[in-house]
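In: Provided below are the primary sequence and the corresponding predicted coordinates.
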Amino acid sequence: MSRLIRRGLRWRRPYSSVAASDIDHFKTILPPHAILSTLSPSTLPVSELDPYNNDWMGKYRGRATTVLKPKTTQQVSDIVRWCASRDIAIVPQGGNTGLVGGSVPLKDELIVSLASMNTVRSFDPVSGILVADAGCVLQSLTDYVAPHNHIMPIDLGAKGSCHIGGNVATNAGGLRLLRYGSLHGSVLGLEVVLPDGTILDQLTSLRKDNTGYDLKQLFIGAEGTLGIITGVSILTPPSPQASNNVILALPHFDNVQPLYRTVKRQLSEILSAFEFIDRTAYDLAVKHGQGRGLSEEDVAGAACFVLVETSGGRREHDEEKLTDLLTNLLEADTPLINTGVLSQNPAQFSSLWALREGVTEAVSKEGKAYKYDISIPLASFKTVVDTTREQLRSKGLLGEHAVKHVLGYGHVGDGNLHLNIVAAAYTQEIQDALEPFVYELVASYRGSVSAEHGIGAMKTHALHYSKNDVSIEWMKKIKALFDPRGIMNPGKVLE
Amino acid sequence: MRPSAARLLNILVPVKRAVDYAVKIRVNPQQTGIDLNVKHSMNPFDEIAVEEAVRLRERLKDAVQSIKAVTIGPPKAAETLRTALAMGADSAIHVELPDSAPAPEPLGVAKALRALVLKQSAEEKVDLVILGKQAIDDDAGQTGQMLAGLLGWGQATFASKVDVDPSTNEAVVMREIDGGSEEIRCRLPLVVTTDLRLNEPRYASLPNIMKAKKKPLQKLTPADLGVDFTPLFETLKVTEPPTRVGGGKVANVDELVAKLKEAGFTAV
C-alpha cells in the first residue's frame, strides 16, 4: 500500500503519453532514421526498444514507446520545447550503464538518446582542454586524446559504452579520482538544454572564471533532472609516461590507515591509486579467475590487501621511489605489511589490477549480490563490514542457505567502500535485515548512501539518510525552478 | 664414464630483454627499425624458462645445485636479470653491449652461449640450458637449436612438460607438435626450449626482489668470451602493414551493383 502511495506522489502530475501526432511533429525536427517508435502506423517491434527501456543489469524496465536520437543541440532544444508544451516527460539517456536505474523510464516517458551526438568539437593540445558532444563514448575520447599524450581524467569499468555526458550528469567517480579529482573540478563548461527548451551555453574553456554563480555545477550529478547535457568542455591531464603497481598483503585491517599515510608521504605526486580488498573479496576474485593470485605463502596470514599504483613522468624516478618505500615497509621494526608482489611487466600489471577490478564480476558469479556503494571514514571500513555480517548472523541469515559472504572493497583514497552481500537468492528477509540497517549505519558515521553510483530510481527513498531536510527542501526548490512542469527525468533523485 | 649416482644439476637460463608485447610497435621515420624508446620486459618465453628452472629446484630440492641467468644486451638488460634473480635464479651474468650496438643475431648469441657454457664448465659443468623457443621481437626461433648443434648436445624444443631425473641423468620432455604432443626421453646435458603451455610464471614477491639485489651479477664483455656480434645480414627496410581502408555505405541494391561494376566485378 505504501508503495502505491509513493507511486501516487511520484506521479502527482499526469504526464501525456507520446501520441502519433507527436511523432509527426518530431518528423519535422529529425530525419526518419533518428526516430524509433512502436506507435502505429510504425511496425517497429517492441523488442527493438529493449536496449533503451532496460538497464544493463536487467533490474529496471521501462515501457517507452519512442526513442529520439538527435544529432544537434538545436534538435534537442526543439524536441524539449515541444515536450514542454505537451507535458511529455523525458528521460535523457547516454550509454545506459548506470547502476541505480537513473537512465531508463519508469513508465512510458520519451527517451532522448544522445548516442548520435558523438563528435569531438575541439581539442587544444597545449592546454589539454577537450570540447565534445555529450554522446561521445569515454573510450573513444581516451583514444582521441592519446596521440596528443593526454588522458581523460576519469576511467571506469563501463568506459567502452558509457557517454561523457552521462558521466558528467551522474558525476561518475572511478579509478582515477584519487589522482585527478572529481568532475566538479575537471569539467570546465557545459552546454545544457533546459526543461523549457532554452539552450544554456556555458561551454567555456577557461580554467578560471569567477563571474557569479557557477551554474554548470548544478548539472554535474543532477542525473538529468535539471536539463539535458549536450556538450562538455573538460580538462584532460597529460598522460603518465610510466606506471607501476604492487599488491601488499596486510596482517590486519588496522594497518591500512597508517599504511595509507606512509604511502602518501613517500610516493607523493606519483601515487595514483590506493585500493582496498578484504580477504573475502580477494578469495572470491581468485576463485572466479579474475586475475592470477599470489602464491600460497604470500597470502598466508593476510587479512586484507592493498593495491598501490604509481603514475609518473620518468620510470627510473618512480621505481626508485617505489623501491625505497617497499624496502622501508619490509625492513621496519614492526612492519605494516606481511609481504607483497611488484608487477614486472605490463601483463602482470593488468593481472594485479584484475584482482581488484574483477571483484564485481566474481561477486556476480558467486551469487545474488546486494550492493551498497557508501562513503564512510576509512577507519570504519572494517567495522561496517563486520557489523553488517553480525546483523545477518543475529537474524540467522548467515550460511549457505541465505547469505554466503559479506565483503568489502573499494577506494581507500576516496573513503569509498563497496559493501557487498552475496546471497544464494534475493529474498525479502535479507532485504529487510539490510535495509534500513545499512543506511542507518552509514548515517551514524555521517557517511553517504551513494558515493559514486548516484541516486537514480533506486535510492530516492534513502536520500534522507545522507541529506537533511533543509538540503532536500532546497534541492526540491532548485528542481522546481528549473523544471516547474517536472518533465525532466521524473522519479529520479527526488521522490 | 660418470658414476650413475645422483649428481647435482647446474642450470643455465639465457634471457632476452625485448619490447614488451603489450606495446604498440611503431616503425621509425627512417624505416630502419622500430621505435625502441618504449617499455621493455623479459621475453615472455624466457620468463617461462626461468620459472621452469625454479620449479625444477622446488621439485628436485638440493639436486639442483645452481640456476644461473644470462643475458646479452645493453646496460638496461641488467633489469631483466634482476627479474630473473627475483623469481629465483641464484646468480647472473651480463654480457654487456654498448647501447649503440646492433641487436645480436641468433648465431652470434648461440656462439656466445656456447663459449659461456664451456667457460662455466671449468668450474661447474652445465647440465641443462633452458631458454625460450623464440624472442617476441625478432621471432627468429633459432638460438636453442643452434646452441645444441654447436655444443653437440641433445635438444628438446617447444617443451610443454619437463621431468628431469638426476639419478639416471635423463629428462623426459613433452613437446608441442602439429596437432598434438610428443614425449621424448633425452640424456643430459641438454638444451630445452620452452613453449607457452609449460607453466605460468610467478610474481616476484617483495622479499625476493629485495634479496635479488644482493645476489651476484657478473659482467662480461664479448671479448671475454672471444666472440663477436657483427651482424651477418643487413636490414634493408622496415615498413608497417598497410592501414585498412574503411568501407562505404550504399543506399540500395542498384547502387551496390553500380559500385561493383565500377570496381571491375561482373556477373558470371
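Out: That came through fine.
In: How about the residues of chain B by chain A?
Out: Within reach of chain A by C-beta under 8 Å from any C-beta of the partner chain, chain B has these residues: B:20-23, B:39, B:41-42, B:44, B:83, B:86, B:200, B:202-207, B:209-210. C-beta coordinates here come from the backbone N, C-alpha and C atoms, glycine included.
In: doesn't B:Ala18 make contact with B:Ile34?
Out: No. Counting by C-beta atoms under 8 Å, B:Ile34 sits too far from B:Ala18 to count as a contact (11.3 Å).
In: Who has more neighbours out of the two?
Out: Under the criterion of other C-beta atoms under 10 Å in any protein chain shown, the comparison of B:Ile34 against B:Ala18 puts B:Ala18 first, with 23 against 16.
In: I'd say that one and B:Gln134 touch.
Out: No. Using C-beta under 8 Å, B:Ala18 is not in contact with B:Gln134; the gap is 10.2 Å.
In: Name the nearest residue to residue 45, ignoring sequence neighbours.
Out: By default, I'm working from chain A. Spatial nearest neighbour of A:Pro45, excluding adjacent residues (C-beta to C-beta, 6 or more residues apart in numbering or on different chains): A:Thr38 at 7.3 Å.
In: was after chain B, sorry
Out: Leaving aside its sequence neighbours, B:Phe45 sits nearest to B:Gly132 (C-beta to C-beta, 6+ apart; 2.6 Å).
In: list the contacts for the residue in the stretch 51-200 of chain A that chain B sits nearest to?
Out: Closest contact between the stretch 51-200 of chain A and chain B, by C-beta to the nearest C-beta, is at A:Ala146 (10.0 Å). A:Ala146 is in contact with A:Ser239, counting by C-beta atoms under 8 Å, 6 or more residues apart in numbering or on different chains.
In: Repeat that for the one 10 residues further on.
Out: Contacts for A:Leu156 (C-beta under 8 Å, 6+ apart) come out as A:Leu138, A:Cys162, A:Asn167, A:Ala172, A:Gly173, A:Gly174, A:Leu175.
In: for chain B, what helix or strand is lowest in average pLDDT?
Out: Here the helix or strand of chain B ranked lowest by mean pLDDT, DSSP states H and E is helix B:253-262, holding a mean of 89.
In: What residues does the stretch 301-450 of chain A have near chain B?
Out: Contact residues (C-beta under 8 Å from any C-beta) of the stretch 301-450 of chain A with chain B: A:326-327, A:329-330, A:337, A:339-348, A:350, A:352.
In: Buried ones only from those residues, please, as a PyMOL command.
Out: This is how PyMOL selects the buried members of those, with burial counted by 16 or more other C-beta atoms under 10 Å in any protein chain shown:
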select buried, chain A and resi 326+329+330+337+339+340+341+342+343+344+345+347+348+352
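In: Which ones among the residues of the stretch 301-450 of chain A next to chain B lie within helices?
Out: A:Leu326, A:Thr327, A:Leu329, A:Leu330, A:Pro346, A:Ala347, A:Gln348, A:Ser350, A:Leu352 (DSSP state H).
In: for those, which one is nearest A:Gln241?
Out: A:Pro346 (13.7 Å; C-beta to C-beta).
In: how about the nearest residue to the closest one, chain neighbours excluded?
Out: Distances taken as C-beta to C-beta, 6+ apart place B:Ala22 nearest to A:Pro346, at 4.0 Å, with adjacent residues excluded.
In: could I get stretch A:136-147 in PDB with only the CA atoms?
Out: The C-alpha trace of stretch A:136-147 is given here as PDB (Å, rounded to 0.1, in the frame of the first residue of the first chain):
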ATOM      1  CA  CYS A 136      30.900  10.600 -27.200                       C
ATOM      2  CA  VAL A 137      31.900   7.300 -25.700                       C
ATOM      3  CA  LEU A 138      34.500   7.700 -22.900                       C
ATOM      4  CA  GLN A 139      36.900   5.200 -24.500                       C
ATOM      5  CA  SER A 140      36.700   6.900 -27.900                       C
ATOM      6  CA  LEU A 141      37.700  10.200 -26.200                       C
ATOM      7  CA  THR A 142      40.500   8.400 -24.500                       C
ATOM      8  CA  ASP A 143      41.700   7.200 -27.900                       C
ATOM      9  CA  TYR A 144      41.200  10.700 -29.400                       C
ATOM     10  CA  VAL A 145      43.500  12.400 -26.900                       C
ATOM     11  CA  ALA A 146      46.000   9.600 -26.600                       C
ATOM     12  CA  PRO A 147      48.200  10.600 -29.600                       C
END
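In: quick one: contacts for residue 154?
Out: Looking at chain A here, since you left the chain open. By C-beta under 8 Å, 6+ apart, the contact set of A:Ile154 is A:Leu138, A:Asn167, A:Ala172, A:Gly173, A:Gly174, A:Arg176, A:Leu177, A:Tyr180, A:Leu183, A:Ser186.
In: The chain in question should be chain B.
Out: Per C-beta under 8 Å, 6+ apart, neighbours of B:Gly154: B:Ala148, B:Cys186, B:Arg187, B:Pro189, B:Leu190, B:Val191.
In: Number of residues surrounding the second one?
Out: If I follow you right, that is B:Cys186. 17.
In: what lines up beside the helix or strand containing it in the sheet?
Out: Assigned by DSSP states H and E, B:Cys186 belongs to strand B:180-187. Partner strands and pairing direction for strand B:180-187 (DSSP bridges) are strand B:170-177 (antiparallel).
In: Only the buried residues of the partner strand, if you could.
Out: Result for strand B:170-177 [16+ other C-beta under 10 Å]: buried residues B:Ala171, B:Val173, B:Met174, B:Arg175, B:Glu176.
In: ok, residues contacting that strand?
Out: Against strand B:170-177 from outside (C-beta under 8 Å, 6+ apart): B:128, B:156-165, B:181-188, B:190, B:192, B:195, B:197.
In: again with stretch A:379-391
Out: Stretch A:379-391 is contacted by residues A:253, A:256-257, A:276, A:278, A:304, A:374, A:376, A:398, A:406-408, A:410, A:412, A:417, A:419, A:421, A:433-434, A:437-438, A:441-442, A:445 when judged by C-beta under 8 Å, 6+ apart.
In: What mean pLDDT does that stretch get?
Out: Across stretch A:379-391, pLDDT averages out at 94.
In: just the CA coordinates of that stretch, formatted as PDB?
Out: Taking C-alpha atoms only, stretch A:379-391 is exported to PDB below (Å, rounded to 0.1, in the frame of the first residue of the first chain):
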ATOM      1  CA  ALA A 379      38.800   3.800   9.900                       C
ATOM      2  CA  SER A 380      35.300   2.400   9.900                       C
ATOM      3  CA  PHE A 381      35.600   0.200   6.700                       C
ATOM      4  CA  LYS A 382      36.100  -3.000   8.600                       C
ATOM      5  CA  THR A 383      33.600  -2.200  11.400                       C
ATOM      6  CA  VAL A 384      30.900  -1.600   8.800                       C
ATOM      7  CA  VAL A 385      31.500  -4.900   7.100                       C
ATOM      8  CA  ASP A 386      31.700  -6.800  10.400                       C
ATOM      9  CA  THR A 387      28.700  -5.100  11.900                       C
ATOM     10  CA  THR A 388      26.600  -5.900   8.800                       C
ATOM     11  CA  ARG A 389      27.800  -9.600   9.000                       C
ATOM     12  CA  GLU A 390      26.800  -9.700  12.700                       C
ATOM     13  CA  GLN A 391      23.400  -8.300  11.900                       C
END
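In: so who does B:Leu147 touch?
Out: Residues in contact with B:Leu147, defined by C-beta under 8 Å, 6+ apart, are B:Ala110, B:Leu113, B:Arg114, B:Val129, B:Leu131, B:Trp153, B:Val191.
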